[in-house]
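**Student:** Next comes the sequence, and after it the predicted model I'd like to discuss.
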Amino acid sequence: MIDNWKAEYKSKTVSAEEAVKVIKSGDRVSFTHGREPPHITGAMVARKDELKDVKIFMRTPSLDFGWYHDDWDKNFHLEISYVRPISRDIMAARRCDFVPGSLIGITQQNPQVGEADVLLIELSPPDERGFCSFGSSVWGKKKAVQSAKTVIAEINKSFIHTFGDNSIHISEIDYFVEPVAAERKTGSTDQLGRKAIEIGKEENSIAEFVGSLIQDGDTLQIGVGSAAECVAGVKGILDKKSDLGWHSETSPKGIIKLVREGVITGKRKTINTGKMVAIALGGSEEDMKFVDRNPMFELYDAEYVLDPRIVSANDRFVGINAAVAVDLTGQIAAESVGPAILSGPGGQLTFAIGAQLSKGGRFITTMQSTARGGKVSRVVPMLKEGSMVTVPRTLADIVVTEFGVAQLRGKTHRERALELIAIAHPDFRAELRKQAQTLFWP
């Protein structure tokens, strides 16, 4: 019975060393989005010499237990679905595999990915009814728990509670580990454990241009990367608007502050009116205290938030996402340079589709005009061979750099080329015009 959960919870609580004894050679061990549970994972790693051929599925690599640098291939084989700086070297060395995400969550695309032999996860302590919170991010955690053969949960007392679909009962967990060591505070890192972004001159200009495209009452989504997150971080951009709505995969620093200030209210949202809907939230410890048990905030699984039908049900939906490069036809690459994977697809394609289907919707791609200290243009004639197209040209809409706004929707290749050249860095415009002549003119 749900009411009589305390005895069950006590019987399931063991040490990290005891819990990881269930892991056997040949098992598939999976982690959810967010950081890896440090104590449980550390206990598993301590057994590496007695384990062989264990597949480790990492959704968002966060902490380094040695496997990103040491040659542990015979013990642990890593599979990653979102490449971050900590895992780029092992990815470049081809010592791990990449699992691309799908539109509505990775467990939907490949059941084998979701069905782990052992799932390792962090949860809050159980509440008075025996339910544990997933904290400040949900992603596909509940489905991962329900599809895994064995679930080991590490308790994190700093985890917040939110409304939406952000809890699971202790009866669905096999083992609990309560760390003795001091646990981290919520702090000022975001929901993926990254450091705060740096906003420079280019980001300020990008934010100003994007701000000119946002209207009072729009429902927003903002992706990761400084060229997108700056829209929330630069003063005088969103804080000058009124009654904005929020429906987003991640939530960069600055968004919760705008809710507290009454800028983001959700009053004009078509669905989930008055609610801030997301998969994950990021912000300061003060922000997290504001969110904790606040009925304005609802966190849901990726299958809901990243469903293009749900996205498009929001009138005047505006998706804002960063890119690595855009070619002159409007193809958007946001996850690789050539075959070298830098991140992952995330929800960009979902938001591109949803924004196009939304009444009055817009899909905005943001990027600095150059990379590598100004040596390389991000507006290119053609994407580098092997680059992964995150958003096809058929869904390209608006592209913004620090030099202006390019409107692509409904335009020919020639018109798109001229629009994009106009917002490229001046040092590269002459060569881009020359390449455009070769590509699009007789």
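**Tutor:** Nice, I can see it.

**Student:** Tell me where the stretch 151-300 of the chain has strands.
**Tutor:** Secondary structure of the stretch 151-300 of the chain (DSSP state E, counting those that start in this stretch): strands located at 163-164, 167-169, 175-177, 219-222, 245-248, 276-278, 297-299.

**Student:** Any idea how far the third one is from the middle of the chain?
**Tutor:** Averaged C-alpha coordinates place strand 175-177 at 27 Å from its chain's average position (Cα atoms, centre = their mean, to the nearest Å).

**Student:** which strands and helices sit next to that strand?
**Tutor:** helix 6-12, helix 16-19, strand 150-155 (3 or more Cβ pairs under 8 Å, 6 or more residues apart in numbering; DSSP states H and E). Quick note: C-beta positions are derived from backbone N, CA and C, even for glycine.

**Student:** Comparing these, which comes out most buried?
**Tutor:** Sort the helices and strands packed on strand 175-177 by mean neighbour count, taking mean count of other Cβ atoms under 10 Å, and strand 150-155 sits at the top with a mean of 22.

**Student:** So which elements touch that strand?
**Tutor:** In terms of contacts (3+ Cβ pairs under 8 Å, 6+ apart), strand 150-155 is packed against helix 38-45, strand 118-123, strand 175-177.

**Student:** Residue 229: which of the ones you listed is closest?
**Tutor:** With Cβ to Cβ as the criterion, residue 229 lies closest to strand 118-123 of the helices and strands packed on strand 150-155, at 24.3 Å.

**Student:** Walk me through which strands the closest one pairs with, and which way each runs.
**Tutor:** Sheet pairing for strand 118-123, assigned by DSSP bridges, gives strand 28-31 (parallel), strand 150-155 (parallel).

**Student:** Let's test this: mean pLDDT of it, rounded?
**Tutor:** Mean pLDDT, strand 118-123: 97.

**Student:** i'd like the first residue to be 18 from this point on
**Tutor:** Right, with 18 as the first residue, what we last looked at is strand 135-140.

**Student:** any residues touching the next helix or strand after that strand, and which ones?
**Tutor:** As assigned by DSSP states H and E, the chain's next helix or strand after strand 135-140 is strand 148-150. With contact meaning Cβ atoms under 8 Å, 6 or more residues apart in numbering, strand 148-150 is reached by 140-144, 170, 172, 176-179, 183-187, 190.

**Student:** Any chance of CSV for the helices and strands packed on strand 192-194, columns distance to residue 105 and mean pLDDT?
**Tutor:** Below are the helices and strands packed on strand 192-194 laid out as CSV (distance: least, Cβ to Cβ, whole Å; pLDDT from 0 to 100):
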stretch, distance to residue 105, mean pLDDT
helix 23-29, 38, 96
helix 33-36, 29, 97
strand 167-172, 26, 98
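
**Student:** Serialize the ones you listed to JSON lines and add fields for distance to residue 220.
**Tutor:** Below are these laid out as JSON lines (distance: least, Cβ to Cβ, whole Å):
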{"stretch": "helix 23-29", "distance to residue 220": "47"}
{"stretch": "helix 33-36", "distance to residue 220": "42"}
{"stretch": "strand 167-172", "distance to residue 220": "36"}
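
**Student:** Out of these, flag the one nearest residue 437.
**Tutor:** strand 167-172 (47.6 Å).

**Student:** quick one, that closest one and helix 55-62 angle?
**Tutor:** Orientation check (axes from the mean of the first three to the mean of the last three Cα atoms, to 10 degrees): strand 167-172 against helix 55-62 gives 140 degrees.

**Student:** what's the spacing between strand 167-172 and its chain's center?
**Tutor:** From the chain centre to the centre of strand 167-172 is a distance of 23 Å (Cα atoms, centre = their mean).

**Student:** Quick check: which of the strands of the stretch 168-317 of the chain is nearest to residue 89?
**Tutor:** Comparison of the strands of the stretch 168-317 of the chain against residue 89 by Cβ to Cβ identifies strand 192-194 as nearest, at 22.8 Å.

**Student:** List the buried residues in that closest one.
**Tutor:** Of the residues in strand 192-194, 192, 193, 194 count as buried by neighbour count, 16 or more other Cβ atoms under 10 Å.

**Student:** Report the separation between the second one and residue 57.
**Tutor:** It stands for residue 193. 10 Å (Cβ to Cβ, to the nearest Å).

**Student:** Who are the contact partners of residue 277?
**Tutor:** 304, 307.

**Student:** Could you rerun that using 6 Å?
**Tutor:** residue 307 (Cβ atoms under 6 Å, 6 or more residues apart in numbering).
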